[in-house]
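1. predicted coordinates and the sequence they were generated for:
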Amino acid sequence: QLLLQESGPGLVKPSQTLSLTCTVSGDSITTDYYYWSWIRQPPGKDLQWMGAISYTGSTYYTPSLRSRITISRDTSKNHFTLQLNSVTPEDTAVYYCARDKAVATTTPDYWGQGTQVTVSS
């Protein structure tokens, strides 16, 4: 069974860097043709696809976040990470990691349970 689990701080101060890790079990993040995504949902707003890293290690980012976001992976630990720089209160959201067969979607086949991140001083 595929499981994804997000981990990281629940509170980040403005201007700092938000860092989250998604640990995957039940499948390898190098399995052909899958994309490993980060998706978030701010309070009262729709899901937003943020970016993804492919099974080859290629990265894809939504244009509005491209200057602030980095997604990387550690294949030896079978996890991938999100870094979002220079956060503001508008980055407050529930953050999800997910597995998908394409990029830029909010309908992946597997999701983590999500983790609340609040940006506040």
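-> Cool, got the structure.

2. please give the element, helix or strand, for Tyr60.
-> strand 59-61 (DSSP states H and E).

3. how far off centre is that strand?
-> In terms of CA atoms, centre = their mean, to the nearest Å, the centre of strand 59-61 is set 11 Å apart from its chain centre.

4. partner strands of that strand, with direction?
-> Paired neighbours of strand 59-61 in the sheet (DSSP bridges): strand 48-54 (antiparallel).

5. residues in contact with the partner strand: which ones?
-> Under the contact criterion CB atoms under 8 Å, 6 or more residues apart in numbering, strand 48-54 has outside partners 29, 34-42, 59-62, 65, 69, 71-73, 80, 82, 84, 93, 100, 103-106. C-beta here means a position set from N, CA and C on the backbone, and glycine is covered the same way.

6. one more time with 7 Å, if that's ok
-> Outside of strand 48-54, the residues within contact range by CB atoms under 7 Å, 6 or more residues apart in numbering are 35-40, 59-62, 65, 69, 71, 73, 80, 100, 103-106.

7. got a quick ChimeraX command for the buried subset of these?
-> To isolate the buried ones among the contacts of strand 48-54 in ChimeraX, judged by 16 or more other CB atoms under 10 Å, type:
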select :35,36,37,38,39,40,59,60,61,65,69,71,73,80,100,103
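
8. so the residue most central in space within the chain: helix, strand or coil?
-> Residue closest to the mean C-alpha point of the chain, counted by CA atoms, centre = their mean, is Trp38 at 2.5 Å. Taken by DSSP: H, G, I helix; E, B strand; the rest coil, the conformation at Trp38 corresponds to strand.
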